[in-house]
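>>> no sequence on this one, just coordinates:
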């Protein structure tokens, strides 16, 4: 029964906590697994971290004492500490970009019962002189559909808190929690902290804008590539396309061409960037039309070579990057002599010579 006796309620809560400790951990793991599944199933962008914790027993008591005890006792309202611990189970989701926070929030709101939402971003931005980390906090519970599944029956009474942050917000929150005595901090230090907080906010916005600008560049490169005929010669009707066709190869215009010839291969962005720089080190004026022509002219020969290599060495790999390197070497053996390391280059040159002799 609820009471106004804090010592009694502490003892009741400790007993409750100890008897359900394993259940709390199991519920946390189930919720994390469920959220990971939802994020994989729906397009919410890249999520860098999903982690959880069960709040320490004594931390729960301290939080209750700090936030609720005085008011409840002043109102002579009996209580049980467990009823005020919506974050006993906590899950943190860290998104790469700020605008993903609302997308993840909407996803969770569709698949869980919403108990409470706290928008710390709005709270911070609505004041002129405060500082603190941003993010979205939601108190959730299983909805009726999920709760009806047998594997979730043990967790029916276990609500949990989810914190959703961007990568930059998460970094600031870690620093923010290290700043002690916030209410008593001198004005000059508070101003410095506010400046630092503003720099983190600016970084979040710039990070998002760079992503958007990069996506625009990729879209422009894709459209320009599609607009050109297969021989790499620009259409006479489009001056903009002519300029695009003459552009030196870069990571943005490399990808549409590479994906055209290697439809089943996944090109990682960071590998593409390094690979293009490798090409430009050999020939700084190499154009995207040159790349298209190079692959169109030489890929069949390289695939014949690849098939023989893999037939003779089943454990070897011959990726799209390896194929492109061989095409570049075949396209201009003097300029791209170093695009292949010595042994692969000698092996390929020997195969080419033998192939030509057998056809003579």
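Done, it's in. Here the structure is a predicted model, which means the values were calculated and not measured.
>>> which stretches in the stretch 51-200 of the chain count as strands?
For the stretch 51-200 of the chain, the strands defined by DSSP state E, counting those that start in this stretch occupy 89-95, 112-119, 136-142, 160-166.
>>> how far away is residue 345 from residue 303?
Counting by CB to CB, to the nearest Å, the gap from residue 345 to residue 303 is 18 Å. The C-beta positions use only the backbone N, C-alpha and C, and glycine is treated the same way.
>>> among these two, which residue is more densely surrounded?
A direct count of neighbours by other CB atoms under 10 Å for residue 345 and residue 303 places residue 345 higher, at 18 against 14.
>>> report the buried residues of the host helix or strand of that one.
Per DSSP states H and E: residue 345 is located in helix 342-359. Judged by neighbour count (16 or more other CB atoms under 10 Å), helix 342-359 contains these buried residues: 345, 348, 351-352.
>>> so what's the gap between stretch 148-164 and the chain middle?
25 Å (CA atoms, centre = their mean, to the nearest Å).
>>> ok so, going back, could I get the strands of the stretch 51-200 of the chain as CSV with mean neighbour count, distance to residue 297 and mean pLDDT?
Formatted as CSV, these follow (neighbours: other CB atoms under 10 Å; distance: least, CB to CB, whole Å; pLDDT from 0 to 100):
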stretch, mean neighbour count, distance to residue 297, mean pLDDT
strand 89-95, 23, 44, 96
strand 112-119, 15, 56, 91
strand 136-142, 20, 54, 93
strand 160-166, 24, 46, 94
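>>> make a markdown table out of those strands and add distance to residue 331.
Below are the strands of the stretch 51-200 of the chain laid out as a markdown table (distance: least, CB to CB, whole Å):
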| stretch | distance to residue 331 |
| --- | --- |
| strand 89-95 | 42 |
| strand 112-119 | 56 |
| strand 136-142 | 52 |
| strand 160-166 | 44 |
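>>> quick one: closest of the ones you listed to residue 266.
strand 89-95 (22.1 Å; CB to CB).
>>> quick check: residue 266 is in a strand.
No: assessed with DSSP: H, G, I helix; E, B strand; the rest coil, residue 266 is coil; it does not lie in a strand.
>>> please tell me how far it sits from residue 320.
Counting by CB to CB, the gap from residue 266 to residue 320 is 9 Å.
>>> which of those two has more neighbours?
residue 320 (17 against 8).
>>> tell me the pLDDT of the more buried one.
We have a pLDDT of 96 for residue 320.
>>> same question, residue 247
79.
>>> what's around it, how many residues?
14.
>>> same check on the one 3 residues further on?
For residue 250, the number of neighbouring residues by other CB under 10 Å comes to 17.
>>> in space, what's closest to residue 297 - neighbours in sequence excluded?
With sequence-adjacent residues excluded and distances taken as CB to CB, 6 or more residues apart in numbering, residue 297 is closest to residue 331, at 6.9 Å.
>>> kindly report the same for residue 53.
In space, residue 53 is closest to residue 90, 5.4 Å off (CB to CB, 6+ apart).
>>> do I have it right that that neighbour meets residue 158?
No: counting by CB atoms under 8 Å, residue 90 does not reach residue 158; the two are 11.8 Å apart.
>>> quick check: longest helix of this structure.
helix 187-227 (DSSP state H).
>>> what's the average pLDDT for that one?
Rounded mean pLDDT across helix 187-227 is 80.
>>> ok, so of the buried residues of helix 342-359, who is nearest residue 257?
The nearest member of these to residue 257, counting by CB to CB, is residue 348 at 21.9 Å.
>>> if I look at the closest one, how far off is residue 84?
71 Å.
>>> quick one on the thing from earlier: ok, and what's touching the helix holding residue 345?
Here helix 342-359 makes contact (CB atoms under 8 Å, 6 or more residues apart in numbering) with 301, 304-305, 308, 326, 329-330, 337, 340.
>>> try it again at 6 Å.
305, 326 (CB atoms under 6 Å, 6 or more residues apart in numbering).
>>> same thing with stretch 146-160?
27, 30-31, 86, 89, 115, 140-142.
>>> how long is that stretch from one end to the other?
15 Å (CA to CA, to the nearest Å).
>>> buried ones in it?
152, 155, 158-160.
>>> now do stretch 307-318
Applying 16+ other CB under 10 Å to stretch 307-318 flags 309, 318 as buried.
>>> again with stretch 40-54
Quick answer for stretch 40-54 (16+ other CB under 10 Å): 44, 47, 50, 52, 54.
>>> quickly list what the fourth one is bridged to.
Okay, so that is residue 52. residue 91 (DSSP bridges).
>>> ok, now which ones touch it?
28, 32, 91.
>>> and residue 117, what does it touch?
residue 138.
>>> what's across from it in the sheet?
residue 138.
>>> that one and residue 327, how far apart?
Look at residue 117 and residue 327: by CB to CB, they are 54 Å apart.
>>> returning to what we had before: hmm, the residue nearest to residue 53 is touching residue 54, no?
No: counting by CB atoms under 6 Å, residue 54 is not a contact partner of residue 90; they are 7.8 Å apart.
>>> stretch 193-210: how far from the chain's middle?
The answer for stretch 193-210 is 18 Å, by CA atoms, centre = their mean.
>>> neighbouring contacts of it?
97-99, 131, 166, 168, 172.
>>> quick one: the helices in this protein?
6-41, 57-64, 70-74, 100-111, 120-125, 144-147, 167-176, 187-227, 239-245, 251-261, 269-282, 288-312, 320-331, 342-359.
>>> pLDDT of the shortest one, averaged?
Spelled out, that is helix 144-147. On average, helix 144-147 scores 89.
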